[in-house]
Every structure is written in C-alpha cells, then in structure tokens.
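Peer 1: need a structure here:
(one chain, ligands or ions: 1)
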Amino acid sequence: MNALLERFCRYVKIESGAIEGVSSYPSSPGQLEMGKLLTRELLEMGISDAAVDEHGIVMGTIPGTVPTAPVIAWIAHMDTSPEFTGKNVKPIVHEDYDGKDIVLPGFPSRVIRPADSPALAALPGKTIITTDGTTLLGADDKAGIAVIMEAVSFLLQHRDTQHGDIRICFTCDEEIGHGVDHVDVKKLGAKVGYTLDGEGQDFVEFETFSADVATVTVTGINTHPGYAIDKMVNSIRIAAEFVRRMPTDQLNPAVTSGREGFLHPYVLEGGVAESKIRILLRDFEDAKLVEQRELLEDLAKQLSVEYPRAKIAVDVEKQYRTWRLASLWNRARLTLPRKRCGASAWNRRVRWCAVGPMARD
Ligand SMILES: [Zn+2]
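Peer 2: As a prediction, the model looks like this:
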C-alpha cells in the first residue's frame, strides 16, 4: 500500500464527526484526538513549530527554500459530517476500478453508481476507496488532510523544491458551519490560503456561499385528543404548513445551480406542543441572505395570523460569509501553478463548504 493510501486509511478510522447543537469547541473529542495525532506526526517529520491550540486547531510551518517567496497556507478540516455515523469506519480499497457499480458489502443494498456520480465515471483503472456501507468514509476532508501530510513529507525530503514558507492549518467543525470561528488569520500569517476540500479533480474553487441557519419554533397547545375541540393547537400541522409554503420552483437546492441561492429545510422535529424546523440559508450575495430571512419571517407572520393561538418564532444564526477572488488577475495567478502541472479545468464556485476567510475581496 502506498504511503498516501496508508495514511488516508489510518485517518478515516479515527471517529471525528462534528456534533450539531453542543456548546463546546470543537464539538466532539475525536477532533482533538485527530489534532493531537497530526501534531505528533508533524513534529516527528521535523515540523518543529507544529502545535494544536486550545480550540483544537493545528498549525505548523514547512520552512521555505526561497526567502523572498510569499507565505502560503494549506488548509483542511478534521471533522466529518454529522449526518451519518463515522464510528468504526472500515475503508475498502478497490484497486484498478472496473468502472461498474460498487456494491458496499456491509450493506449490500447501498450501491455507488457511476451513473449517479459523474466523478466516479471518470475513474476506471484508478484506485477507489469506499466505506463498507455501514458508515461514512470521511474522505471529506481526511483526503485533504492526508494529501497535505504527504506533501509535507515530500517537501521535507526534497529541499531542492522551490517554495516560500508553507503554513499548515487543520481546522475543526467545518461541517457545522464553524470551520473558521477560531482560526487566527494573523497567526496563520499567509498571503493566500488553499483549502484542499471539495469533490472531483482539476478544480480551483474561487467563490463560496454566505451562510446562515434558521430555527423556526412553532409552539402549539397540547390537550387530550378526545376532548381537544376548540382547545388543541397542533404545532406539527403548522410546521408542515410552513414548509409547504416555502418556495419549491426557486430557492430550492433541488432546482438551483450556479450563483442561485437556496433555502433548505433539513431538520423537522417535534410533537403537538412544539415543533422545530432547521433551515439553511445560502446565497453568494450577503444582501440576498437578508431577503431569505425576511421571506421566512413573512411566512411566520402569515401563519401567526391564521393560527392566532400558536406562537411562531424565527431565529437566524450567522454561519459564515462569502469570500471570492476579486479579479481575473488573481484567478489567473491561482491557475498558473496548475498549468505547470498540465491541469485543464480551472475554476468554479463552491456551493457548499465553509472555507478560509483570507482571500475575501
Ligand atoms: Zn469539506
């Protein structure tokens, strides 16, 4: 097994899923464990300033070989998605991929199909790594971490490679919108940062969403259903009506692309007395997030009039704000090293992840 593959398979076995709704940072102890392991490995490789801070963020420096070259940063996140378990990950290595559907042996009804995954369709003959189907794999973003760690090892063994100081930065809780809460940009001290995250290959992403999350709390009145006439106010029905009235032919992730934003209800839970809806607000323009918020508040107002005995509250929490590369000149500079590698496709916007704040206009 080659070093990069071995490294990746080792990292995915550490459970470091982010947990939503907890007050600690990072949100799970596995991220601290991951940070300690990476710090230890960086120190062992010879990155003498490698350290993990009180927020679990790992930083260190590959000393430059060209003193006048700008300082850049390589960034990746240690947490994995909270939407599926990342415990007991058993990575399966499919060497020389035959291009067919991949049946996940731990849960054979779960099948990864190239027809559904254009990135996979382009990879016959390559080595593919999947889970056994019972867990998340966690390639997002342990693939980024493994690549950075392997690049550190390479550059330390090839001191004739020309580069300035390269700052390594591994962050926490990206998956729950808090990836940069505790990143000290001054301490990082880089002119430009590259986040190794995303999907597929041959892309440099140059713009991200701005992001908020809303919690709509519907408070009803619960009574015995046998004697509920003129008394009961069922919050489940009102919450369902709230979601039904949200736009579906626009502002919906299932029908939008490019620079279009969306509202995405992703949690609906509760009982007769109280129901909660969690909704992601996403747009490339900060001002449009305000419009999205107003749309939710208007819906709450309408329903409050129709159900005067219910209480409907909308609380919006800020997650992160967009950055984008302002000029074509900057994008061209970003592209230059890629052309040297012979890469073709070169940029697109990010429709999901939280990334570093350094390159904001
Ligand atoms: Zn990611």
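
Peer 1: Give the residue farthest from the middle of this protein.
Peer 2: Relative to the centre of the chain, the most outlying C-alpha is that of residue 227, 47.8 Å out, by CA atoms, centre = their mean.

Peer 1: any idea how far it is from the ion?
Peer 2: Per CB to the ion, to the nearest Å, residue 227 is found 51 Å from the ion. Using the backbone N, CA and C atoms, a C-beta is placed for each residue, glycine as well.

Peer 1: quick one, phi psi at that residue?
Peer 2: phi -130, psi 40 (degrees, to the nearest 10).

Peer 1: and the stretch 101-250 of the chain, which residues reach the ion?
Peer 2: Taking CB under 5 Å from the ion as the test, the list of the stretch 101-250 of the chain residues beside the ion reads 140-141, 197.

Peer 1: Out of the residues you listed, the closest to residue 75 would be?
Peer 2: Ranking these by separation from residue 75, with CB to CB as the measure, puts residue 197 on top at 8.1 Å.

Peer 1: That closest one contacts residue 142, correct?
Peer 2: No: shown here, residue 197 and residue 142 do not form a contact pair, counting by CB atoms under 8 Å, at 10.4 Å.

Peer 1: Looking at these two, which is more packed in?
Peer 2: Here residue 197 and residue 142 are compared on neighbour count by other CB atoms under 10 Å; more neighbours surround residue 142, at 29 against 21.

Peer 1: What about residue 206, how many residues nearby?
Peer 2: When neighbours are counted by other CB under 10 Å, residue 206 comes out with 19.

Peer 1: What helix or strand is it located in?
Peer 2: strand 205-207 (DSSP states H and E).

Peer 1: the helices in the stretch 1-150 of the chain, which residues?
Peer 2: Defined through DSSP state H, counting those that start in this stretch, the helices belonging to the stretch 1-150 of the chain, from first to last, are 3-12, 29-45, 118-121, 139-157.

Peer 1: Could you give the average pLDDT over the strand holding residue 206?
Peer 2: In this model, strand 205-207 has a mean pLDDT of 77.

Peer 1: now for it, which elements pack on it?
Peer 2: Applying 3 or more CB pairs under 8 Å, 6 or more residues apart in numbering; DSSP states H and E, one finds that strand 205-207 makes contact with strand 348-349.

Peer 1: mind listing what the nearest residue to residue 292 once chain neighbours are set aside touches?
Peer 2: Among residues not flanking residue 292 along the chain, residue 281 sits closest, at 4.5 Å (CB to CB, 6 or more residues apart in numbering). Shown in contact with residue 281 (CB atoms under 8 Å, 6 or more residues apart in numbering): 211-214, 261, 263, 289, 292-293, 296, 316.

Peer 1: can we see that at 6 Å?
Peer 2: Going by CB atoms under 6 Å, 6 or more residues apart in numbering, residue 281 touches 212, 289, 292.

Peer 1: Sort out for me which of the residues you listed are in strands.
Peer 2: When the contacts of residue 281 are checked against strands using DSSP state E, the ones located there are residue 212.

Peer 1: Sort out which of the contacts of residue 281 are buried, if you could.
Peer 2: Among the contacts of residue 281, those classed as buried by neighbour count (16 or more other CB atoms under 10 Å) are 212, 289, 292.

Peer 1: Okay, the second one and residue 59: tell me how far apart.
Peer 2: If you measure residue 289 against residue 59 using CB to CB, to the nearest Å, the figure is 30 Å.

Peer 1: on that earlier part again, could the buried ones among the contacts of residue 281 go into a markdown table alongside pLDDT and distance to residue 127?
Peer 2: Below are the buried ones among the contacts of residue 281 laid out as a markdown table (pLDDT from 0 to 100; distance: CB to CB, whole Å):
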| residue | pLDDT | distance to residue 127 |
| --- | --- | --- |
| 212 | 94 | 39 |
| 289 | 96 | 41 |
| 292 | 98 | 42 |
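
Peer 1: I'd like to know which of the helices of the stretch 1-150 of the chain is closest to residue 67.
Peer 2: For the helices of the stretch 1-150 of the chain, distance to residue 67 was read as CB to CB. The smallest value, 15.7 Å, belongs to helix 139-157.
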